[in-house]
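*Asks:* Return atomic coordinates for the entry below.
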Amino acid sequence: MSTLTLAACAEMIYTDLPFVQRVEKIAARGLQVEMWNWTTKDLKELAATGATFSSMTGYISGNLTEPDAVEEFLESARRSVEAAEIIDSPRLNVHGTGLDGEGHPVRPVEVVTPDMWLTARDTLARLAEIGRAAGRVFTLENLNLPVDHAGTPFALAKDTRTLVKAVDSPHLKMNLDLYHCQIGEGNLIETCRESLPWIGEIQVADVPGRCQPGTGEINYAGVARALRAMGYEGVVGMEAFASGDSDAALDDFVAAFSEGGGA
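*Replies:* This next block holds a predicted model:
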């Protein structure tokens, strides 16, 4: 049985505290820390906490398919790599298109054309080269269309897997988000199994509500057992709101993903 490394997203819990204190609270639990937009953070202050960072957003603007937006996307990825060096984040997360502050596509797409697929593959190959040069890994996250991210191209896990496989670089992996996958596709354990060689990280929240494991319909203890059995040894990050107290939410998360948890 493999061992899972646990992390929590500081954007969604302890929200009554300043961001640096959220990071400290998560790190004090022995968990790695995830965050989103680095441009709004004092990165040197975060580095000084001594926390281990698992991932951060790997772009600020642009998208994978439109010529002017592709160059904007890659330039912001280069800047993000420089930011990642300050907090030593090994992974930088990207999406199928640029998202606004509410998580909606800046330029929604109704139909993804064959040319868009080919351009996205080429853009991601260039992104992987940025990661290779910097010794970092970019992850491509799946999103859900019905609830949170309508109009996002390459949103499904099968889409992100197709693109990551096509690029075939150790510096581009999947960020397999099981909250989004449950809403958009389901079949979580088999999706993990099919995606295993290309997973760089797994993120979790329960459905409905996007709160911590145990608040919804997903049997995360069963998912955890399956991940160990299939040999997954990477990070599982709780990217979820707390249904109540943040400490209790982390308790629930750790219990679900600890060996023997939820039994």
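*Asks:* end to end, how far does stretch 231-251 reach?
*Replies:* Stretch 231-251 has an end-to-end distance of 24 Å (Cα to Cα, to the nearest Å).
*Asks:* Check the offset of it from the chain's centre.
*Replies:* Relative to its parent chain, stretch 231-251 has a centroid offset of 13 Å by Cα atoms, centre = their mean, to the nearest Å.
*Asks:* Check which residues of it are buried.
*Replies:* Neighbour-count burial for stretch 231-251, counted by 16 or more other Cβ atoms under 10 Å, picks out 232, 234-243, 246, 249-250. The way it works is simple: take the backbone N, C-alpha and C, and place the C-beta from them, glycine included.
*Asks:* so where is the chain shaky, pLDDT-wise?
*Replies:* Within the chain, the segments meeting pLDDT under 70 span 260-263.
*Asks:* mind listing the helices for it?
*Replies:* Taking DSSP state H as the criterion, the chain carries its helices at 19-28, 43-48, 67-87, 114-134, 157-167, 178-184, 188-195, 220-230, 246-257.
*Asks:* pretty sure residue 25 is touching residue 249, no?
*Replies:* No: shown here, residue 25 and residue 249 do not form a contact pair, counting by Cβ atoms under 8 Å, at 11.5 Å.
*Asks:* pretty sure residue 189 is in contact with residue 222, am I right?
*Replies:* Yes: with contact defined as Cβ under 8 Å, residue 189 reaches residue 222; the gap is 7.4 Å.
*Asks:* got the contact list for residue 218?
*Replies:* The neighbours of residue 218, taking Cβ atoms under 8 Å, 6 or more residues apart in numbering as the test, are 178, 182, 188, 204, 206, 207.
*Asks:* out of those, who's nearest residue 95?
*Replies:* residue 178 (16.1 Å; Cβ to Cβ).
*Asks:* Next one: that closest one relative to residue 229, how far apart?
*Replies:* Taking Cβ to Cβ, to the nearest Å as the measure, residue 178 falls 16 Å from residue 229.
*Asks:* neighbour-wise, which of these two wins?
*Replies:* Using other Cβ atoms under 10 Å, the more surrounded residue of residue 178 and residue 229 is residue 178, with 26 against 12.
*Asks:* For residue 81, which residues are in contact?
*Replies:* Contacts for residue 81 (Cβ under 8 Å, 6+ apart) come out as 58, 92, 130, 131, 134, 136.
*Asks:* run the last query once more with 7 Å
*Replies:* 92, 130, 134, 136 (Cβ atoms under 7 Å, 6 or more residues apart in numbering).
*Asks:* Cheers, nothing more for now.
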